[in-house]
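[1] Got a sequence here, can you model it:
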Amino acid sequence: MKNDLLIKLDNIVKVYKMGDTELKAVDGISLDVYEGDFLGIMGASGSGKSTLMNIIGILDSPTEGKYYLKGQDVSFLKDSEASRIRNKEIGFVFQTFNLIKGLTAFENAETPLIYSGIPKKQRKEIVEYYLEKMGIADRMHHKPNQLSGGQRQRVAIARALVNEPSLILADEPTGNLDSKTTVEIMNLFHKIHGEGKTIVLVTHEPDIGKETEKTIILKDGKVVEEIVN
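    You can find the predicted model right below:
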C-alpha cells in the first residue's frame, strides 16, 4: 500500500524578472512525494534545483502552478502563515549549517521549539534526546566555533528534527564536509529515513544522489531524467 501523498507540485513555474529580461528558473515541474520517500534533486549550477528547493521549503512562491503540502495549498501564503507552516512541517539542513554563532549546540537545536511555544522543561527533554540521537550530546554546551564541521551538521540535523516535522529538506548537506564525515552524515540520513521520515535532498554530487531512493535530474528548470537507485 502506498503511503499518503505529502507533496504535490502541479506545473510549477518560477520566473525572475531582471530589468526587461525574464529568467524561467523553474519551467513546469510536476512532482509527487509520498510520506517516507527519500528523494534526491540533482543538477548543475543554474539548473533550477535551489529555486525548486526554496519553493518546496515555502521560502519562495511559484509564479504559476500549485503546491500542496499534506493536501493544503501552500502556493501563495502570507509571510506569517508561511513561517508557521515551515516551523511545524519542515526541518531544514543547510550546507553552511546556519547555526547561530553566539548560541551553544543545545540552544541552536532548541530554537524551533521556542518558536513553537513548547515549555522549557519539555524543550530540554526533546533537545537532549535528539542531540543524543545524533551522537553530539557530549558537546551540547559548546558553541559552533568549538565544533568540527561534522559536529555542526549533527547539531543542525538535531535542530531540523526537534519539531517532528513531516519533511526534512537538506540542501547540499555534505558540501562542506570531508569524505569520511560525509559517509557519517549520510548514514544519519539513512537512519532517519529508516525511521519513517520523508527526506528531500538537493545535491550536485552523483555519489550523494545515488544514496537516495529516487533522483530527479534538472536541466534548464525542467526534469529531464528520473533515476530509481
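
[2] lowest average confidence, helix or strand, in the chain?
    helix 206-209 (a mean of 91; mean pLDDT, DSSP states H and E).

[3] Kindly export the next helix or strand after that one (C-alpha atoms) in PDB.
    Beyond helix 206-209 on the C-terminal side, the first helix or strand identified by DSSP states H and E is strand 214-219. What follows is strand 214-219, C-alpha atoms only, in PDB (Å, rounded to 0.1, in the frame of the first residue of the first chain):
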ATOM      1  CA  LYS A 214      15.000   8.100  -6.400                       C
ATOM      2  CA  THR A 215      16.800  11.000  -8.000                       C
ATOM      3  CA  ILE A 216      15.300  13.600 -10.400                       C
ATOM      4  CA  ILE A 217      17.800  15.400 -12.700                       C
ATOM      5  CA  LEU A 218      17.000  19.100 -13.500                       C
ATOM      6  CA  LYS A 219      18.300  21.000 -16.500                       C
END
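
[4] helices or strands up against strand 214-219?
    strand 38-42, strand 222-228 (3 or more Cβ pairs under 8 Å, 6 or more residues apart in numbering; DSSP states H and E). C-beta coordinates here come from the backbone N, C-alpha and C atoms, glycine included.

[5] The least confident helix or strand of the chain packs against which elements?
    Helices and strands touching helix 206-209, by 3+ Cβ pairs under 8 Å, 6+ apart, are strand 38-42.

[6] The strand it packs on to strand 222-228, inter-axis angle?
    Put simply, strand 38-42 runs at 140 degrees to strand 222-228, going by axes from the mean of the first three to the mean of the last three Cα atoms, to 10 degrees.

[7] Which neighbours in the sheet does strand 38-42 have, and how are they oriented?
    strand 198-203 (parallel), strand 214-219 (parallel) (DSSP bridges).

[8] Done for today, thanks.
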